[in-house]
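> here you go, sequence then predicted model.
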Amino acid sequence: MILDILYFVLGVGLIIGGANYLTEGASTLARRFGVSPLVVGLTIVAFGTSSPELIVSLTSALKGSADISLGNIVGSNLFNVLAIGGVTALVAPISITRSTLKREIPLMLLASFVLSFMVLDRVLDPTATANMITRSEGLTLLAFFLIFLSYTFAIAKGHSGDPHAVSDSPNSYPLWLQLLFIFGGLAALVWGGDLFVSSASSIASALGMSESFIGLTIVAAGTSLPELATSVAAALKKQPEIAVGNIVGSNIFNIFFILGTTATIQPIRAGGIGVLDLVAMTAAALLLYIFALLFGDKVIKRGEGFILLACYIAYTIYLITQL
């Protein structure tokens, strides 16, 4: 048990460190070869911050721990909106742009509805033998992701003077070190993901907890640490408006890209993830949207942040009572 906990902590460290070095190495290497900062931000950095969820979900599915795989995404989306959104709003009120309010948050809601529709086979069709995200549904999610990515590129280009401009910031690392960051970070991610999933499954068994509970809580919070650090840092730097973009973008990325990729490679059987979990994820996205619309000022205030955080605590307590 103690060894499993040490492996779990080591896995978290390897995943977060690997994601950081992979992103840093790939970003500086891309700039070295003249790739625009816009493309780097929309692809490499976005992938890097979500790579913990991708590695854990994919590794879990391949190891037969589907509840950890799906629970990781559902739990991460809940943690992003309620915990990270709540904490960030408590640090500084979150300003939301008109574009985010009209497009990105509704798209996050759509992603939540699409996932719920795909997972709840037995609710929508009583003759279904199991709740599954099939390969064809995984490919559908990836198609949604490509549409989202195309839209994001179009919006970003429309707001930038020269989308092909190369960053003026100097490359602070030699080429060999950039390559070391990339391959070392990738190795750390893969190894950390394997340790993380194996130890989480062992801990769940030893404590009599379900894999779905571990996925929805501990694993979800662990893989969301990069988003938490980014959002809190933005709030402390008096740039809380960045936080909502981080939260919303991550949730869309999680469902469309990560679950799409995972289900395409290995169909996901949703055993322990039920209606309540999916309703909570969708309701959290809806609550964020309502708070943003409230009084027409497009700001998540501290009081509303407290409500978001309280909802996450209440949901976690409910899960604990169901053990």
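Ah, there it is. All of these numbers come straight from a predicted model, not from anything done at the bench.

> residue at max distance from the center of the chain?
Thr127 (32.4 Å; CA atoms, centre = their mean).

> is it fair to say that one lies in a strand?
No. Counting by DSSP: H, G, I helix; E, B strand; the rest coil, Thr127 is not part of a strand but coil.

> count the neighbours of Leu276 for me.
Neighbours of Leu276 under the rule other CB atoms under 10 Å: 13. Glycine gets a C-beta too; all of them are placed from N, C-alpha and C.

> which helix or which strand is home to it?
Under the criterion of DSSP states H and E, Leu276 resides in helix 275-293.

> run through the residues that contact the closest residue to Phe253 other than its chain neighbours.
The shortest distance from Phe253 to any non-neighbouring residue, by CB to CB, 6 or more residues apart in numbering, is to Ser50 (4.9 Å). Ser50 makes contact with Ser250, Phe253, Asn254, Phe257, Ile258, according to CB atoms under 8 Å, 6 or more residues apart in numbering.

> not including adjacent chain positions, what is the nearest residue to the third one?
Taking CB to CB, 6+ apart, and ignoring the residues beside it in sequence, Asn254 has Ile73 as its nearest neighbour in space, at 5.0 Å.

> I'd guessed that neighbour sits against Phe256; true?
No. Checked against CB atoms under 8 Å, the pair Ile73 and Phe256 is beyond contact range at 10.5 Å.

> quick one: which of the two has more around it?
More neighbours surround Ile73 than the other of Ile73 and Phe256, with 28 against 25 (other CB under 10 Å).

> and that one, that one's in a helix?
Yes. Ile73: assigned to a helix according to three-state DSSP.

> and the pLDDT for it?
At Ile73, the pLDDT value in this model is 93.

> kindly report the same for Leu319.
On the pLDDT scale, Leu319 is placed at 90.

> which residues touch it?
So Leu319 contacts Phe213, Leu216, Thr217 (CB under 8 Å, 6+ apart).

> also Ser116?
Contacts of Ser116 by CB under 8 Å, 6+ apart are Leu278, Val279, Met281, Thr282.

> and Gly260, by the same measure?
Counting by CB under 8 Å, 6+ apart, Gly260 has contacts Gly138, Leu139, Thr140, Leu141, Leu142, Phe144, Phe145.

> make CSV out of these and add secondary structure and neighbour count.
Output for the contacts of Gly260, formatted as CSV (DSSP: H, G, I helix; E, B strand; the rest coil; neighbours: other CB atoms under 10 Å):
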residue, secondary structure, neighbour count
Gly138, helix, 21
Leu139, helix, 14
Thr140, helix, 18
Leu141, helix, 23
Leu142, helix, 17
Phe144, helix, 19
Phe145, helix, 20
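
> what is the nearest of those residues to Lys102?
Within the contacts of Gly260, distances to Lys102 taken as CB to CB reach their minimum at Phe144, with 18.2 Å.

> list the contacts of the nearest residue to that closest one once chain neighbours are set aside.
Counting by CB to CB, 6+ apart, Phe144 lies nearest to Phe256, which is 4.7 Å off, once chain neighbours are set aside. Contact analysis of Phe256 by CB under 8 Å, 6+ apart lists Ala111, Leu141, Leu142, Phe144, Phe145, Phe148.

> I figured the fourth one hits Ala111, correct?
Yes. The criterion here is CB under 8 Å, and Phe144 meets it with Ala111 at 7.2 Å.

> what about the strands in the chain?
Applying DSSP state E to the chain gives strands spanning 94-95, 132-133, 268-269, 299-300.

> wait, which of those is closest to Arg122?
Here strand 132-133 is closest among the strands of the chain (CB to CB), at 9.6 Å.

> counting by contacts, list what the closest one packs against.
If you count contacts as 3 or more CB pairs under 8 Å, 6 or more residues apart in numbering; DSSP states H and E, strand 132-133 packs onto strand 268-269.

> what's the mean pLDDT across the strand it packs on?
Here the average pLDDT along strand 268-269 is 87.

> and the residue nearest to Leu29 when sequence neighbours are not counted, how far is that from Ala30?
Computed as CB to CB, 6+ apart, the closest residue to Leu29 that is not its neighbour in sequence is Gln178, at 4.5 Å. Applying CB to CB, to the nearest Å, the value for Gln178 to Ala30 is 10 Å.

> now swap in Arg302 and tell me
Plainly put, Arg302 is 38 Å away from Ala30 if you go by CB to CB.

> neighbour count: these two, which is higher?
Taking neighbours as other CB under 10 Å, Arg302 and Ala30 compare with Ala30 leading, 20 against 14.
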